[in-house]
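Participant: How does the following fold in three dimensions:
(chains A and B)
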Amino acid sequence: MIQSFKMALRSISAGKMRAALTMLGIIIGVMALVVLVSLVNGATSSVTDKVSALGSSMVTATISDDKGSPVTLDTLNEWMEDPELGILAPIATSIATGRSGGESASFTVYGTTAGYYAVQNMQLFMGRWLKEPDIENHSYVCILNENAAQELIGYTDCVGRSITLNNVPFTIVGILADDEDSLTALFSSGSCVAYIPHTSLVRLSDTVPTGITTFYASAPEGGTVDQAKEHLEELLLQRFDEDDDAFSLSSSSILEETMSNVTSVLTILLGGIAAISLIVGGIGIMNIMLVTVTERTREIGIRKAIGATRGTILTQFLMEAVVLCMMGCGLGIFLSWAILQAVSTVTASVGLAFALDGSVVLVSVVFCFLIGVIFGLYPANKAARMKPIDALHYGG
Amino acid sequence: MIDIQDLCKFYQVGDDRVRALDHATLHISPREFVSIIGPSGSGKSTLMNIIGCLDVADAGVYKLDGLPIGEYSENELAHIRNQKIGFVFQNFNLIPKLSAEENVELPLIYQKVPRAERQQRVREALERVGLQKRARHLPTELSGGQQQRVAIARALVTRPSLILADEPTGNLDSKTSQEIMDMFHELHRQGNTIVLITHDPGVAKQAERAIHILDGRITEATL
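Facilitator: Next up, the predicted model:
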């Protein structure tokens, strides 16, 4: 085996120009595969980063069965002391009719706490967000989105004015900026939204229980979302008798999942196209190996005369094809790396970085090996089947 | 050593069936130096191919060291060639990309001899043909006589039962030819069995015994 590897290296180095040209097909194929897939992955991760910046750098916890010990605001406050968790903020939703003067509108009312602002990365247009005392005192204060202010009051600069929600008067303390990029805005454009203290919502609505069913958790200072998620899972399991059906935790947004679906389709598509060029490269290898076998008919004859078996000859030529492929593959990967480095340098200014994708490198190595074997087999077999006398007397 | 009984070999040329060997019978004992002589087209190449296990006969029996050659598979024949026969060809048949020592080493690689022993035996074989200083040269860097000596070293290195030489002096000038023939005499004295195929009576008569072949038929004669 080692011997036939050495022989293969020898005969490849004997015709460097030809070997280089033959390898070119494989090199280009590998480059196409590795560079394209790495580019897609690089671009994806950069877009994904942006998407997750929109609000998925948090854990969403949903409790479906509280087992008689509901999670309350106090529980959340207690948990927030834990250094392995960041900010925890509950959310509860209800529908209410908002009125001001003669105007009325249907509102989606969210009940939450002060921490929600930071967890959800909210942006205020003016005024302030909910504060701790608002929660403690069941204050009747609300923060509206711009759209709600426009609909009900007629203008957005309306901090300090009052509206009623289900006939309970609320003072407007802040207006949210309509951030067109935010996920909330994406799903709630055109609707009226009011944020009020969680405690006030419990009083306002009959359907909202004191126990919290949904809350968000951010990553702790210097920690990751996954850490927070793991820790939260422990806490919740403890609370709910180790029953993991009682609650669910998720840390990625729907948009992110959709994105990753789209990009994996894209990766497969581009990878497939690149793989076709690799196969073309493989045909090039087969072609040149057939020429080599014919050229070296005499050598095959000599080797057979002095005792090479079919297997030996087969291994020798197969090894040559595989080594050619693998050399092309190695060069292709190296060049891909160089290209990606160059591209990264250029795109560094826009915050895009492209790295060699480990799995696609592995795939291309395996693929090249298979191409070497598959396209080397026919010529190698042709060589192995030659009769020693015919081969010896070939061309005089 | 070599026992050939009623060997026949046919070739199909167009519609004609050519009899390259016609009931050939011959016997060669160990340590003999035998030449097979005949004009071109006499069937001597066919005979040499069969003796060298490069080809099999259509009829008759060929036993080499008591082994019935006709009954072996292609791979088994490769092993027999590797172990028992050392070939020396008219046109040397060295592999051009390999150096002299690598050419000599090749049959040992096929025998799976360990590396250290291989190198030892290659050195010895090259010494015996007086080419130890040219070990690293490529065949193209050697003269015809030197190339043929490399080929002889390659034949010797496996310590074969039989050295089969096909017109070994055919491509050499008379002086070099004599050197090569002297080498065969030396090998014979050392106890090797040598079968030398030639069309040159001057070469043939240097052997102990000459076997004549004409139109595929064998007539033995001692010169």
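Participant: Can you name the helix or strand that residue 75 falls in?
Facilitator: Since you didn't name a chain, this refers to chain A. helix A:73-80 (DSSP states H and E).
Participant: Oops, wrong one, chain B.
Facilitator: helix B:74-84.
Participant: Show me which residues of that helix are buried.
Facilitator: B:77-84 (16 or more other C-beta atoms under 10 Å in any protein chain shown). Just so you know, the C-beta spots here come from the backbone N, C-alpha and C atoms, and that holds for glycine as well.
Participant: and what of stretch B:44-61?
Facilitator: Under the neighbour-count criterion of 16+ other C-beta under 10 Å, stretch B:44-61 has B:44-57, B:60 buried.
Participant: cool, stretch B:33-45 as well?
Facilitator: With burial defined by 16+ other C-beta under 10 Å, the residues of stretch B:33-45 counted as buried are B:33-38, B:42-45.
Participant: Quickly name whichever of these is closest to residue A:130.
Facilitator: Checking the buried residues of stretch B:33-45 against residue A:130 with C-beta to C-beta, the nearest one is residue B:45 at 104.7 Å.
Participant: name the helices or strands packed onto the helix holding residue A:75?
Facilitator: On a contact count with 3 or more C-beta pairs under 8 Å, 6 or more residues apart in numbering or on different chains; DSSP states H and E, helix A:73-80 meets strand A:88-90.
Participant: Please enumerate residues in contact with the strand it packs on?
Facilitator: Contact with strand A:88-90 is made by A:73, A:76, A:79-80, A:111-116, A:118-120, A:198, A:212, A:214-218, as judged by C-beta atoms under 8 Å, 6 or more residues apart in numbering or on different chains.
Participant: Tell me the strands beside it, with direction?
Facilitator: Within its sheet, strand A:88-90 is paired with strand A:214-218 (antiparallel), according to DSSP bridges.
Participant: which non-adjacent residue is nearest residue A:223?
Facilitator: Distances taken as C-beta to C-beta, 6 or more residues apart in numbering or on different chains place residue A:84 nearest to residue A:223, at 6.7 Å, with adjacent residues excluded.
Participant: same check, this time on residue B:50
Facilitator: Per C-beta to C-beta, 6+ apart, closest to residue B:50 is residue B:57, 5.4 Å.
Participant: From residue A:23, how far out is residue A:324?
Facilitator: 6 Å (C-beta to C-beta, to the nearest Å).
Participant: quick one on the thing from earlier: what's in contact with the helix holding residue B:75?
Facilitator: Contact with helix B:74-84 is made by A:304-311, B:52-54, B:56, B:64-65, B:67, B:69, B:72, B:87, B:107, B:110-111, B:158, B:160-162, as judged by C-beta under 8 Å, 6+ apart.
Participant: Name only those of those residues that count as buried.
Facilitator: A:304-310, B:52-54, B:56, B:64, B:69, B:87, B:107, B:110, B:158, B:160-162.
Participant: Low-confidence regions, the chain specifically.
Facilitator: No chain in the question, so chain A it is. A:51-57, A:179-189, A:252-257, A:395-396 (pLDDT under 70).
Participant: Chain B is the one I meant
Facilitator: Where chain B drops to pLDDT under 70, the residues are B:220-223.
Participant: Can you flag the buried ones in the contacts of strand A:88-90?
Facilitator: Buried members of these, scored by 16+ other C-beta under 10 Å, are A:73, A:76, A:79, A:111-116, A:119-120, A:198, A:212, A:215-218.
Participant: Would you mind extracting the C-alpha trace of stretch A:224-244 into CSV?
Facilitator: Backbone C-alpha positions of stretch A:224-244 (Å, rounded to 0.1, in the frame of the first residue of the first chain) are rendered in CSV as follows:
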residue,chain,number,x,y,z
THR,A,224,-24.8,33.4,26.7
VAL,A,225,-28.5,32.8,26.0
ASP,A,226,-27.9,29.1,26.0
GLN,A,227,-26.5,29.2,29.5
ALA,A,228,-29.6,31.1,30.6
LYS,A,229,-31.8,28.6,28.9
GLU,A,230,-30.0,25.6,30.5
HIS,A,231,-30.2,27.2,33.9
LEU,A,232,-33.8,28.1,33.5
GLU,A,233,-34.6,24.6,32.5
GLU,A,234,-33.1,23.3,35.8
LEU,A,235,-35.1,25.8,37.8
LEU,A,236,-38.4,25.0,36.1
LEU,A,237,-37.8,21.3,36.3
GLN,A,238,-37.2,21.6,40.0
ARG,A,239,-40.4,23.6,40.4
PHE,A,240,-42.6,21.3,38.3
ASP,A,241,-41.6,17.9,39.7
GLU,A,242,-39.1,17.1,36.9
ASP,A,243,-42.0,17.2,34.4
ASP,A,244,-40.6,18.6,31.2
